[in-house]
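Visitor: quick one, fold the following:
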Amino acid sequence: MTGKAIVVTRPKGDEHIITDALHEKSHRVIHEPLTHITLDHTQRTPLQNLLDQEPDAVIVTSRHAVQALAMLTDLRDFFLICVGESTARAAKSLGLCRVSSAGGNVEKLAHFIRDGYDEDSSFVYLSGEHVRADLTELLPEMFIDRLVLYEAIASTQLSDTFIEQLKRGQLDGVTFLSPRAAQLFTALIAKANLQDTVQPLHAFCLSQAIAECLNKHVWAKRHISDEATLASLLECVDNAF
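Guide: Model prediction:
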């Protein structure tokens, strides 16, 4: 297989897993983060107050939530439910040992909680400002306190290097792991008046909802992974090239 130039749109610090996997398949990776993460230090006391209430479990749906949790409290003995294996590994590396993985996406996480806990169970749900699906809405029968620990601040423009690569036709595909990333990319491409430059590119999307956010521009093809997992997304890349 001839390696292709694949764009990764994850925030800085959150790109390594997909980047490493693409490198293993001999692809060249271009990292163009569409957001950057800022920690809300004012949530240290609210977080401590919620943990002091001894919830049945703490829930996290991203590596950033785990990292924020570890930075804002020294406690490590609560039970932590992670959305998937990658988040669980990050939690264990930060000293959290009572960790469970729910299967890889928010919907499976909701089923995991509903199947394993009674309706009167209490949870602390740690997240970013922007979420694809809010667990408090998915599990209205549960008592869930949501606390926003970080925000993914949107980029206001594409990098000059990335724009030049687009104009020269040096890219082959772009990966999108969230609807927000797809929306931001679409807006920034339009802002730079580069709509025509994406026509030769393949878009690799983790879900149908993400692919729909790319409708405003014409792509060579939009690929949708069979499952909302990184492994399935990488399989899309393999099948395309």
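
Visitor: for residue 201, give me phi and psi.
Guide: phi -90, psi 150 (degrees, to the nearest 10).

Visitor: which residues in the chain form strands?
Guide: Taking DSSP state E, the strands of the chain run over residues 5-8, 28-31, 35-39, 57-60, 80-82, 99-101, 122-128, 143-154, 173-176, 202-205, 221-224.

Visitor: may I see the buried residues of the helix or strand bottoming out on mean pLDDT in the chain?
Guide: Every helix and strand of the chain was ranked by mean pLDDT, DSSP states H and E. The lowest is helix 135-138, at a mean of 89. Using 16 or more other Cβ atoms under 10 Å as the test for burial, helix 135-138 gives 135, 138. Any C-beta I mention is one placed from the backbone N, CA and C, and that applies to glycine too.

Visitor: make residue 1 into 59 and carry on from there
Guide: Okay, using 59 as the starting number, the last item reads as helix 193-196.

Visitor: which residues does the nearest residue to residue 111 once chain neighbours are set aside contact?
Guide: Of all residues not flanking residue 111 in the chain, residue 180 sits nearest, at 7.4 Å (Cβ to Cβ, 6 or more residues apart in numbering). By Cβ atoms under 8 Å, 6 or more residues apart in numbering, the residues touching residue 180 are 111, 113, 114, 200, 201, 202, 203.

Visitor: now tabulate these in JSON lines and tack on distance to residue 267 and pLDDT.
Guide: Formatted as JSON lines, the contacts of residue 180 follow (distance: Cβ to Cβ, whole Å; pLDDT from 0 to 100):
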{"residue": "111", "distance to residue 267": "34", "pLDDT": "95"}
{"residue": "113", "distance to residue 267": "30", "pLDDT": "97"}
{"residue": "114", "distance to residue 267": "30", "pLDDT": "97"}
{"residue": "200", "distance to residue 267": "24", "pLDDT": "92"}
{"residue": "201", "distance to residue 267": "28", "pLDDT": "94"}
{"residue": "202", "distance to residue 267": "23", "pLDDT": "95"}
{"residue": "203", "distance to residue 267": "27", "pLDDT": "96"}
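
Visitor: no further questions, thank you.
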